[in-house]
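[1] Sequence first, predicted model second:
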Amino acid sequence: MHVAHLTLHDFRSYADLDVELGPGATAFIGRNGQGKTNLVEAIDYLSRLSSHRVASDAPLVRAGADQAVVRAAVVRDGRTAVLEVELNPGRANRARINRSPLPRPREIIGLVRTVVFAPDDLTLVKGDPGDRRKFLDDLLLLRAPRLGGVRADYDRILKQRNTLLKTAGVARGEARDTALSTLGVWDAHLARVGAEVLAARLRLVDDLRPYVGKAYEAVARGASRDDAEIAYKPSFELDGATDAGDLTEALLAELERRRKDELDRGISLVGPHRDELLLTLGNDELRLPVKGYASHGESWSFALALRLASYDLLRADGDDPILVLDDVFAELDAERRRQLAELVAGAEQVLVTAAVAADVPAALQGVRFLVADGEVRRDD
């Protein structure tokens, strides 16, 4: 899979842009603030309908414009499809395939798949649990796009339930009885949809685990594939439950058990939104959490291993994802820079951004574009 052509209209800093791309390594070289990351961000947006840099669509639309358009010709198994997303902040976005509108924009998710390495990846290791949950959910979305709808349903149910918990917590008499009765309905919704999210995450972590160990061995000096481990830590004991049916019952039981605490605090304390992805280093005798114990170099190696493992897992599913290395080499020492470049050089398409050409390792010396003053020019 690779992007053969990228067109942008009023996306970020670009009023109009057309860039011809191809398989292999492509580097976008330019000083900070010139717009090189905007190019790879647009391709990544087509993959997941979200940015790896900002939480909402509004910053993606060029100042003064009402909407933005990202269009790409994507080649997969020798066939080309034109994918297009129209971003309309404050209104519904629109998506098209080969100029034909899709009923829902999220139906475009996963048709092009990307794995992005970025300087902020260190938050996967040192950040809050929400950063690691997002990592899992983004990967889930690429493997099973329908889970985007499930995750959106869960967020909606959670918001409604939290509002009801606040109301029930302060209500008295008949009003409290009514709120508690309604809460039981939302408990059932949360348990049913939450169990589907939880089951999918558990399967993903099981699938991803061996790839993480292999990737950490490749990027960390002197490491073995048994050094790095990941494990899923739910917000309560599952007692061996793994399928959605058993997890639904387990969630309902835990919601009932924690009812008083939730009413006191006015917030949902049970469910996938409270779970954690545990990252550890060590061996059977001593295994420690990466956060708080790992060195800076070990933390970077683990973050890189998570991205490499994601790439290898998606590749094992049958597609070669597009790799995006966004200003990542400036954050690495020479040895890790070389190791990472050699590991990804065989990908069908690798898109690199860098402030200076010298930051791009020899293994990724392919087509080069210079990005400056709003223009993208091929450097022949």
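    Cool, the structure landed.
[2] Check which helices and strands the top helix by length along the chain sits against.
    Longest helix in the chain, counting residues (DSSP state H): helix 173-219. In terms of contacts (3 or more CB pairs under 8 Å, 6 or more residues apart in numbering; DSSP states H and E), helix 173-219 is packed against helix 129-143, helix 147-170, strand 228-233, helix 244-257, helix 296-316, helix 334-344. Any C-beta I mention is one placed from the backbone N, CA and C, and that applies to glycine too.
[3] roughly how far is that helix from the heart of the chain?
    17 Å (CA atoms, centre = their mean, to the nearest Å).
[4] quick one: average confidence on that helix?
    Helix 173-219 comes out with an average pLDDT of 92.
[5] Please work out the angle formed by the directions of that helix and strand 228-233.
    170 degrees (axes from the mean of the first three to the mean of the last three CA atoms, to 10 degrees).
[6] quick revisit: hey, which of the helices and strands packed on helix 173-219 is tucked in deepest?
    Compared across the helices and strands packed on helix 173-219, helix 296-316 shows the largest average neighbour count, a mean of 22 (mean count of other CB atoms under 10 Å).
[7] pLDDT on that one, on average?
    93.
[8] Following that helix in sequence, what is the next regular element?
    strand 322-326 (DSSP states H and E).
[9] Just list what that following strand packs against, helices and strands only.
    By 3+ CB pairs under 8 Å, 6+ apart, strand 322-326 packs against helix 36-48, strand 114-117, helix 334-344, strand 349-354.
[10] mind running it again at 7 Å?
    Based on contacts counted as 3 or more CB pairs under 7 Å, 6 or more residues apart in numbering; DSSP states H and E, the elements that strand 322-326 packs against are helix 36-48, strand 114-117, strand 349-354.
[11] Who does it pair with, and is each partner parallel or antiparallel?
    Sheet pairing of strand 322-326 (DSSP bridges) gives strand 114-117 (parallel), strand 349-354 (parallel).
[12] Give me the contact list for the last one.
    The one in question is strand 349-354. 2-3, 23-29, 36-37, 40, 43, 322-327, 329, 344, 360, 364 (CB atoms under 7 Å, 6 or more residues apart in numbering).
[13] what about burial for the residues you listed, which qualify?
    2-3, 23, 25-29, 36-37, 40, 43, 322-327, 329, 344, 360, 364 (16 or more other CB atoms under 10 Å).
[14] picking that back up, need the strands paired with strand 322-326 in TSV (columns: mean pLDDT and mean neighbour count).
    Listed next are those as TSV, based on pLDDT from 0 to 100; neighbours: other CB atoms under 10 Å:
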stretch	mean pLDDT	mean neighbour count
strand 114-117	94	25
strand 349-354	96	25
